[in-house]
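Undergrad: Need a 3D model of the following:
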Amino acid sequence: MSGDNNKHSNSSNPEIPGYVGFANLPNQVHRKSVKKGFEFTLMVVGETGLGKSTLVNSLFLTDLHPERVIPSASERIKQTVRIEPSTVEIEERGVKLRLTVVDTPGFGDAIDNTDCFKSIIQYIDEQFERFLRDESGLNRRNILDSRVHCCFYFVSPFGHGLKPLDIQFMKMLHNKVNIVPVIAKADILMKKELSRLKKRVLDEIEENGIKIYQLPDCDSDEDEDYKEQVKQLKQTIPFAVCGANTLIEVRGRKVRGRQYPWGVVEVENPDHCDFVKLRTMLITHMQDLQEVTGDVHYENYRSERLAKGTVSAANSRNNAVASHVQSTDDKSEKDKILQEKEAELQRMQKMLAQMHAQLKQQP
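TA: Numbering: from 1, shown residues only. Predicted structure coming up:
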C-alpha cells in the first residue's frame, strides 16, 4: 500500500526521482498557440437591410466598415453580389485573434437572383484551392488559413419562413461551409411569432435536407454547467438576434440597445434576443468550427479536386494512347495502299515485258 502511495506522489512531485514531466505538455501547447495567435473567417450572407454589419460589429466590439457608403435603391437593382473581406486584429488578455469577416453586399437584391450565389461559391472554393496549393508547396510552416469557417445566413423576419432563394443557397453551400441560420431584427416580432417562425424555419430546413452546423455532443466527463449551456444553445437554433452599437442609459447603467417609444431593447439581455447565445456559441465552438471545416468540408473539396486531377491525367493518357493507336492505324493503312500500288505496277511492267517479247518474235 505504501509503495502505491509513493508511486502516486512521484508522478505529481518533480523533486522526487521518477517524475517525467509530460504533464507540462498542455502548458507548452497553450503558450505556443497564444504566441502564434488564432485565425478565424466568418462569412455573413443575407439581403440588404437585415443588420448584418451591425450585428458583426456588436459581436466583436469593432467597426469593420468605417467608410462604407450605403447604395440607393436604384443602384442596388443594378449591382451584382460583391465579396468584401475585412480583416481586423483583436487582442484580449494577451490572446490575439486575426478575424476576417466576409460580407456579401448585393445578395438577393436583384430582380433576377438566379446566379447571385455563384460568386460566393467561387470565393469559398478559391480559399480551399489556395490552402491546397500552400499545403502542397515547399513552405508549409507558415500557411495562412483563409478558409471560411462559419457562415451566418440571415433569414428575414418579415416572411413566414424560408424563401426559395434561402433554400437554394443553403443547399448549394451546406457541403462547403458551416451554416448557422440567424433570424435578423428579432425585436420586431412578438415572442409567440418568434417561436412560430423558428419552428417553421427548422421544419423547412429538415424537409429540404439542408445540413446546418450541429453543435457537438458533450462528453460524459464534461462539467454539468457546460452541458446545460450546450443544451440551451441547441434548443435556441436558429438564433433570433438584433444588433446595436449605441450605448443607452437604462436604470442608471449603460447598455447597448435600441430606443423605442415603448422602451429599450437591450442587445445583451437574453430575455430580449439570442445575441449573447449566438456570441457564446461562436466563441466556445470556434475551435470545433475550424476542425469541421478542415476535417469535413476541406477534405471533401480536396478529394474531389484530386479525383478530377486523376481523371484529367487519365483522360490525357487515354487521349495520347488513342492518338498513337490512330496514327499507327493510319500508318498501316497507308503502307497497305502503297504495297497494293507497288504490286500493281510490277504486274503492269511484267505485262509490258511480255508484249515486247511477242512483238520481237513476229516477222
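Undergrad: For the stretch 201-350 of the chain, give me the ranges with low pLDDT.
TA: 309-332 (pLDDT under 70).
Undergrad: Run through the helices of it in chain order.
TA: 224-236, 275-284, 286-292, 298-361 (DSSP state H, counting those that start in this stretch).
Undergrad: swap in the stretch 51-200 of the chain?
TA: 52-60, 73-78, 118-136, 164-173, 191-207.
Undergrad: now those helices in CSV, with distance to Val276 and mean neighbour count?
TA: Backbone N, C-alpha and C define where each C-beta goes, glycine included. Below are these laid out as CSV (distance: least, CB to CB, whole Å; neighbours: other CB atoms under 10 Å):
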stretch, distance to Val276, mean neighbour count
helix 52-60, 10, 21
helix 73-78, 32, 11
helix 118-136, 28, 15
helix 164-173, 25, 18
helix 191-207, 16, 15
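Undergrad: Let me see the contact set for the most centrally placed residue in the chain.
TA: In the chain, the residue lying closest to the centroid (CA atoms, centre = their mean) is Val177, at 3.0 Å. Residues counted as contacts of Val177 (CB atoms under 8 Å, 6 or more residues apart in numbering) are Met43, Ile124, Val148, His149, Cys150, Cys151, Thr293, His297.
Undergrad: By neighbour count, which of the residues you listed wins?
TA: Neighbour count (other CB atoms under 10 Å) singles out Cys151 as the most crowded of these, with 27 neighbours.
Undergrad: just to revisit the earlier point, out of the contacts of Val177, which is nearest to Cys273?
TA: Closest approach between these and Cys273, by CB to CB: Cys150, at 19.3 Å.
Undergrad: give me the beta-bridge partners of the closest one?
TA: For Cys150, the beta-bridge partners are Leu42 (DSSP bridges).
Undergrad: ok, it - contacts?
TA: Cys150 touches Phe40, Thr41, Leu42, Met43, Val177, Asn178, Val180, Tyr213, Leu282, Leu289, counting by CB under 8 Å, 6+ apart.
Undergrad: What of Thr236?
TA: So Thr236 contacts Asp274, Lys277 (CB under 8 Å, 6+ apart).
Undergrad: distance of it from Lys199?
TA: Per CB to CB, to the nearest Å, Thr236 is found 12 Å from Lys199.
Undergrad: Output the contacts of Val177 as JSON lines; include the columns distance to Gly106.
TA: Formatted as JSON lines, the contacts of Val177 follow (distance: CB to CB, whole Å):
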{"residue": "Met43", "distance to Gly106": "14"}
{"residue": "Ile124", "distance to Gly106": "17"}
{"residue": "Val148", "distance to Gly106": "18"}
{"residue": "His149", "distance to Gly106": "23"}
{"residue": "Cys150", "distance to Gly106": "21"}
{"residue": "Cys151", "distance to Gly106": "16"}
{"residue": "Thr293", "distance to Gly106": "25"}
{"residue": "His297", "distance to Gly106": "24"}
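Undergrad: Residues in contact with stretch 208-222: which ones?
TA: Here stretch 208-222 has contacts from 150, 167, 170-171, 174-175, 178-181, 205, 226-227, 230, 233-234, 237, 281, 285, 288-289, 292, using CB under 8 Å, 6+ apart.
Undergrad: Actually, stretch 181-199.
TA: Taking CB under 8 Å, 6+ apart as the rule, stretch 181-199 contacts 46, 50-52, 55, 152-158, 160-161, 170, 201, 205, 212, 237-242, 258, 265, 272-274, 278.
Undergrad: any idea of the mean pLDDT in that stretch?
TA: Stretch 181-199 carries an average pLDDT of 85.
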